[in-house]
Structures are given as C-alpha cells and as structure tokens.
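Chemist: Output the structure for:
(chains A and B)
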Amino acid sequence: MAVSWRCCDATACRAAGAAALRQRLEAEVGTERVKPVGCLRLCGQGPLAAADHADGRTELLGGVAGERRLDLAHPFFVLQRSVVLEQCGLVDPGSLDDALAHGGYATLERCRLLPGAAVIGEVARSGLRGRGGAGYPTGRKWQLVAAQGGTSKAVVCNADEGDPGAFMDRAVLEGDPHRLLEGMAIAAHAVGATEAFIYVRAEYGLAIERLGAAIAAAEARGVLAGLRIQLRIGAGAYVCGEETALLHSIEGGRGTPRPRPPYPAVSGLWGLPTLINNVETFAAVPAILREGGAWYAAMGTATSAGTKVFALSGAIPHTGLIEVEMGTSLRTIVEVMGDCAPGRVKAVQTGGPSGGCVPAALLDTPVDYESLQELGSIMGSGGMVVIDAELAMPELARYFMRFCVDESCGKCLPCRAGTVQLAQLLDRFVEKRATPADLLQLEQLCAMVKATSLCGLGQSAPNPVLSTLRFFRAEYEAAMAAPIAP
Amino acid sequence: MTTLQLQIDGRAVSAAGDATVLEAIRSAGLRVPTLCHLDGLTPVGACRLCLVAIEGHPKLEPACVTAVAAGMVVHTHTPELETYRRMAVELFFAEGNHVCAFCVANGACELQDVAVEVGMDHSRFPYQYPQRQVDASHPLFGLDHHRCILCTRCVRVCDEIEAAHVWDVGYRGSACSIIAGLDQPWGEVTACTSCGKCVDVCPTGALFRKQDATGEKHPHPERAQQLDQARTEHRWHNQ
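Modeler: You can find the predicted model right below:
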C-alpha cells in the first residue's frame, strides 16, 4: 500500500534539516507522494514528517533520517484543539488549489451574501477576543469600525510578532496563509473596508514569501472578491507591533506610537477608520463564520472563549506549537502536554517582555485573560517559556528589561530613560552587589514607568520585574551585598 | 462653541467644548509642568510631565492631548503625580549632560524651571554621561546634543510653521537624537532657511545662537503661537 508524506516546510524544521529529510522521502516514494506543509507542532523534534497510510493510520517521524518515531497518542497531540491551526500541517501553503480543496474561501463566499452586520453579530456571539494580547472583544471592535461614516476604510493585519519565545503567528503565515487572507476579506466585507494591509516583520522571510505568493494567487483567481491586500515589511522595530506605531510605519513615517484616543477604529491609517487585528484573530474568523459563533463560544471559559495557540519553549522536553481551549491549566500544558516532570518547573513566563512569571505553586491556574492578569502576568500573544531552577529571576528580569531598552522607540521619557536605569539597577542584583536602597528604587521606578509611559511597550516594561519581585522576592533579597558589620 | 463645566483640583471650571485639559487647567489659573508642549505646535504627549489623574480613568492622562468632557473631575497634584514628576525630571537630567553653570540657557531654561517647580535638587538616578556631539556647522546657530531633551519642538516648528522639515528624530531608545536633513551636518542642509525658529522654541540650551555665551540665550517660545495665530486668525501681535 502506498504511503503519502506531509513534510514540515516551516522555519523551525527547515533549520533542523527538513530539506534533507524531504529529499530522502522523495527518493523513496516519488515527489508526487510528498507534500510540503506547515508546522506539525512538535518543533523541538524536527525536522518532522507525517506519513498517511492508505488504511487511515498516521505516523509522525522526526530527525533528518526520520529516525525518531513520535507518539501521536501523547497528550501533546491528543489534547490539542485545532481551530486556527485546523489546516496547518495538512494543507500545502504554496498551493491555492490545495487551500480550495480544503475548503478555503468557501466561508468568505457565503459571508459575502450576508449583510455586514450579520457577520459582525456572529463574531460578537463567538466571544472572540483580540489574540494580540490585549484581549479586546473582536466583535465590538468590528462594530466600532463598521459604525464609522465615510466611504473608505482600512483593514490591517498585525503580523509584527516580536515577543521573544513567540512563534504562533509565524506558523499561521507559513503554514496556512490563505486562511489569514480569507479572514481579512471577511472582515473587510463586514466593516465595509476597501483597503487592506498586512504588516509583517522583516525577520519572517519565509512568511513574507508565502504571503506574497498567496496574495498573488488569490487575486489572480479572483477569490478575494476584488479586495487588494498589500504587504508591508517592517524594518526591525519591536514597537511597530503597537498599533499606532504600526500604522505610522505603513504610512511611511517613523514607527512611534501616539497617544490614544483617537483610536484607530475612528482615525487610523491616513485618518481612515481602521480595523486592526493580529494574525491569529483573523485566522480564527473563517472557522467561526463556518461553524457559528455559538460553536466557538462553547469552547473555553465564560470570559475567554475559544482556543488559543501557544508557543512552548524553554526548559521543557516538548517544545513546539499547541492550540488548546482557553481555561486549560498551565499544569496540563506544561507537565502533561509539555512532558515536563513534576517538580522541575520553577515558573512559566507568559506574555514576553510585557508579561510575567507564574510560579510552579500556581500551575493549576487556568489560562485565560483574567486569571493571568490577576497574577501580574498577561496572556500576551501566546509565548510560553518554561523556566527551571537553573535561571535566577533577577537575570530573567534583566533579559527582558534589556530587550525593552533596545526596543524603546525613544519618544516618551519614562520608557526611553527609565528602562535604561531599570536595567542598570537589575545589573546590581544579577551581580549580587545591590543594596536595600536599590530594591526600593527598583520598585519605585517600576511603578513610575508603568504609570507614566506613553504606549503599551513602556507601560508593561516593568511587568517582568514586578512579577518576579512578587513571587521570587527572596532571590532579590539574597542578591544584596552582605551588610558591613558595625 | 459649547462651553463645558468640569472640576479641577476642587474648583469649578468652564472650558470651551474643544479645549484640552491643559487649556482648561491654565484658563483656571492653575498649572502643571510641561516641556514638550508648546502652544502653536501639534501636541505629542511625550515628556509625560503634564500627566493628570482624571476620576474614572484607569490610567493617568497627558493633559496636553486629552479633550475636556462635561463633568470631568481632574486632579493635577496628587502625591503620586508629584512623585512621578520629580522622578521624570531626574531622569531627564540623568540621561543627558546638563551643566547649568556654563550653559548658554542658564536662567532661561525650561528644564531648569521645571526642576525648581517639582523640587528636584539632585538626581537619585546615576548620571549616564552619554557621549554626544556638538554640531557647529551652521553659520549662525549651534546644536549641542548634550543638552537636548528630545522634546521635538524644533522638529515640529520647522515642519508645521516654517514648512522646511529640516529636523527629525533619528535612531531609537536612549540613542535617539535630533537629526538635520538626512542625518547631515546642519550647515550642509540646504532646506534650512536660517529662520531661527527652532532656536526660539528650544526649551534648553541645545539650540543656540553662536554669538550667545553662558547665560545669554533669550528664547522666544511664544513665537510659535504668534505665527500660528497670524496665519489662522490673521491676528498680528503688533496690532
């Protein structure tokens, strides 16, 4: 019986030697039975290839020679609930025909027959919240943009994924780009937009290549119903993930945030009412409109509906991509799916430089917007870095603070000058030469930068410090120089 | 134009419907410190000194870009705000090289004034002593980057009033600096009309006239608004 192979052709597996594995398989079964696909999830074991047997069995192999047989019955795979990633790993990201064969653009076609308000109503019913991190109700945002007057509006996709340890959006862009285009076209129809942009970071070379090809193919085939989607490439600034900075950058200006209001929904790109959502949010839309808002809302928790994609990395055996229902506990994700032995985890860092650390004692916390916020962390875009006892918390805090120093745009004082001082204070704790006065100043300056910075980057820059101070204060106290004996 | 009623520091205040909170504060005879703000130029909300607490708002708001609303209750000098303002001024001093004793703007410096206003007598943050440049390539004016606080008034006055856009901001974070032209020596930028408006509005001694020595700078920050009013309202200050 003939076997068909799906070979991961995304960034992580490419780096691990996917080309060699694919050549080997092509030589074995012929090129027509080997298909390039997007992320197969367990990135740490890559390069990955999935074998679909004629009798319906599927096997997953890892390694350049396909030498590792991976257990698809492991909770890492079984507990996943794929919605955003439902076709990622199945569909050939370079083929519009394959996307269409997997049901791509069918929902858009159906939505185009509905009034915009009906589409928005369904999104609102789904309870979907912004997956970029802030969690603003998506339906409400769409309503706001739709309610604006004027003949011209814009839809913008934020694909400037920049948190260290975050690669959820990259998987969608590389693995199923047509899903994003379909979600954006549905949104454009719903809010009455005629302009569409995808702002993608320059570091995502493969994603840019796939998006460019997908847009060209979709426009040539006419599946986007006349919507022109323009690709804009970032220039390496993390702050351009902040929506107002991103819009400035698309306009050709310097990527710096501006105070809100006015919100982009009212006055965004070139002053047009602008709907801006991130990749994962748009990518959830086709499934929601296909299955209905109630179907989506039935997953997850009351206030955090649906599923969320997380990028698991750090001191954990199973590193890779997971999509789970909201409300899944951190313990399930890290110890059951991630295969981390109980007791090994010291903390889980969520939300990148804007987030915080959840200590091992609180691993039973359900992952939803409110629970993480209560712990001084945030959901963020979905990066989840597992930390073990090897890493001292002041060092972790300094890593993120230095990141913010490098990435501050420099427009407002607290972020530009405050993060520099905070990083230097953290140096003293890392080098174990801090004083009690330093600890006091660290806390005061964190409060000041948080309360007075202009945009989200500065306002959340102290979070990794505040969160580790909250749960691991003893490490900061131990980092103080011994008092001089009188 | 409608008039709104709001409350600032316990006082009932009337303000035009399109006024900012900063305008309302000033019209009531009250004040909050400002540095990047200048009447006549587009506000940017960057220095964060004019932050105020507004009841019902989860975050502090920059008065210069926040619109008034009916019934708004504003506090301009809470202990929290005073603490943050003093820290902000300390951060300004620590991030540059501000030596009043031999600065051209000594005695006529808004950074100095703000330091006095918030009661900053020293910085608790270590001075960074950044390595910066002095641009003396222009025949009439100089730019001493050590004294620049990145308020961008020069950028805005040159763009919005002189319409030459000689200035912009280059680089990022603590490496940010005001750049002339395409990051060229000022004297080589042919777009510069040598009007001197940037020198007039600079709050510190960063931009100066070459003939001025220590303490001799006489800035004219009011000129931005005068020119703006002359153009938009045909109101000339000598009439």
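Chemist: show me where the stretch 101-250 of chain A has strands.
Modeler: Across the stretch 101-250 of chain A, reading from the start of the chain, the strands by DSSP state E, counting those that start in this stretch fall at A:154-159, A:195-200, A:228-233.
Chemist: swap in the stretch 251-400 of chain A?
Modeler: Counting by DSSP E, counting those that start in this stretch, residue ranges of the strands within the stretch 251-400 of chain A are A:274-278, A:307-314, A:320-325, A:345-350, A:356-359, A:383-388.
Chemist: now these in CSV, with mean pLDDT and distance to chain B?
Modeler: Heads up, the C-betas are built off the backbone N, CA and C, glycines and all. CSV is the format used below for these (pLDDT from 0 to 100; distance: least, C-beta to the nearest C-beta, whole Å):
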stretch, mean pLDDT, distance to chain B
strand A:274-278, 98, 19
strand A:307-314, 97, 25
strand A:320-325, 97, 29
strand A:345-350, 96, 22
strand A:356-359, 95, 19
strand A:383-388, 96, 22
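Chemist: can you list those in a markdown table and add mean neighbour count?
Modeler: Formatted as a markdown table, the strands of the stretch 251-400 of chain A follow (neighbours: other C-beta atoms under 10 Å in any protein chain shown):
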| stretch | mean neighbour count |
| --- | --- |
| strand A:274-278 | 26 |
| strand A:307-314 | 25 |
| strand A:320-325 | 24 |
| strand A:345-350 | 26 |
| strand A:356-359 | 25 |
| strand A:383-388 | 23 |
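Chemist: Can I get the ones you listed in CSV including distance to B:Gln211?
Modeler: CSV is the format used below for the strands of the stretch 251-400 of chain A (distance: least, C-beta to C-beta, whole Å):
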stretch, distance to B:Gln211
strand A:274-278, 49
strand A:307-314, 60
strand A:320-325, 65
strand A:345-350, 57
strand A:356-359, 55
strand A:383-388, 56
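Chemist: ok, now which ones touch the residue of chain A found nearest chain B?
Modeler: Nearest residue of chain A to chain B (C-beta to the nearest C-beta) works out as A:Gly410 at 3.4 Å. Residues counted as contacts of A:Gly410 (C-beta atoms under 8 Å, 6 or more residues apart in numbering or on different chains) are A:256, A:416, B:150, B:169, B:171-176.
Chemist: Buried ones only from those, please, as a ChimeraX command.
Modeler: Selection of buried members from these for ChimeraX, criterion 16 or more other C-beta atoms under 10 Å in any protein chain shown:
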select /A:256,416 /B:150,169,172,173,174,176
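Chemist: Can you work out which other helices and strands pack against the helix or strand of chain B with the lowest mean pLDDT?
Modeler: Lowest mean confidence among the helices and strands of chain B (mean pLDDT, DSSP states H and E): helix B:223-233, at a mean of 92. For helix B:223-233, the helices and strands in contact under the criterion 3 or more C-beta pairs under 8 Å, 6 or more residues apart in numbering or on different chains; DSSP states H and E are helix B:197-201.
Chemist: Next to chain B, which bits of the stretch 151-300 of chain A? Give me the list.
Modeler: A:237, A:239, A:254, A:256, A:258-259, A:261 (C-beta under 8 Å from any C-beta of the partner chain).
Chemist: By neighbours, which of these wins?
Modeler: A:Val239 (27 neighbours; other C-beta atoms under 10 Å in any protein chain shown).
Chemist: Which residue is the nearest non-sequential neighbour of it?
Modeler: With C-beta to C-beta, 6 or more residues apart in numbering or on different chains as the criterion, A:Val239 has its nearest non-adjacent residue at 4.6 Å, and that residue is A:Cys409.
Chemist: wait, isn't that neighbour in contact with A:Gly253?
Modeler: No. Using C-beta atoms under 8 Å, A:Cys409 and A:Gly253 do not qualify as a contacting pair, with a distance of 11.8 Å.
Chemist: Which one's more surrounded, these two?
Modeler: The residue with the greater number of neighbours, taking A:Cys409 and A:Gly253 and applying other C-beta under 10 Å, is A:Cys409; the counts read 27 against 11.
Chemist: re the thing from before, JSON lines for the strands of the stretch 101-250 of chain A, including mean neighbour count?
Modeler: What follows is the strands of the stretch 101-250 of chain A, written out as JSON lines (neighbours: other C-beta under 10 Å):
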{"stretch": "strand A:154-159", "mean neighbour count": "28"}
{"stretch": "strand A:195-200", "mean neighbour count": "23"}
{"stretch": "strand A:228-233", "mean neighbour count": "16"}
